[in-house]
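Visitor: how would this look folded up:
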Amino acid sequence: MVRRASPERTCVGCRQRAAVHDLLRFVVVGGEQERRLRPDPIRGLPGRGAHLHPEPMCLELAQRRRAFGRALRLTGVVDTEELAEYIRESTATSGHPAGRGSHSKVGRRT
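Guide: Numbers count the residues shown, from 1 in each chain. All right, here's what the predicted structure looks like:
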């Protein structure tokens, strides 16, 4: 039996490559005036997405480097509060970042 390689993506914070199931996908939602980043743990939301380790350190690095705009091909300011809250909650409740099988309702379609 041949083993298939799992897809890899680059974290916009630390710039390290990792398996896609170890990273949190997020997308930009909203109009020109109020764009915000929404976590997409089940990877089902439409639109251009980017990936981030679900750790506060990587979020901070991405904010400091202004990496969200480049990764999502945006100009202007993007609200990161929803993404930051998701990462804080996922690391605070379990002691480790949310990965595959996370059961959060944040980011799911309604």
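
Visitor: now the strands for the protein?
Guide: Ranges of strands within the chain are 8-10, 17-19, 24-29, 36-39, 49-52, based on DSSP state E.

Visitor: Out of the ones you listed, which is closest to residue 59?
Guide: Nearest to residue 59 among these is strand 49-52 (6.5 Å), distances taken as C-beta to C-beta. Where C-beta positions appear, they are placed from N, C-alpha and C, glycine not excepted.

Visitor: Need the residues that contact the closest one.
Guide: Identification of contacts with strand 49-52 by C-beta atoms under 8 Å, 6 or more residues apart in numbering yields 9-13, 20, 23-27, 40, 43, 58-59, 62, 68, 71-72, 83.

Visitor: run the last query once more with 10 Å
Guide: By C-beta atoms under 10 Å, 6 or more residues apart in numbering, the residues outside strand 49-52 that reach it are 8-14, 17-18, 20, 22-28, 37-40, 43, 58-59, 61-62, 67-68, 70-73, 83, 87, 97.

Visitor: of these, buried ones?
Guide: 9, 11-14, 22-28, 37-40, 58-59, 61-62, 67-68, 71-72, 83, 87, 97 (16 or more other C-beta atoms under 10 Å).
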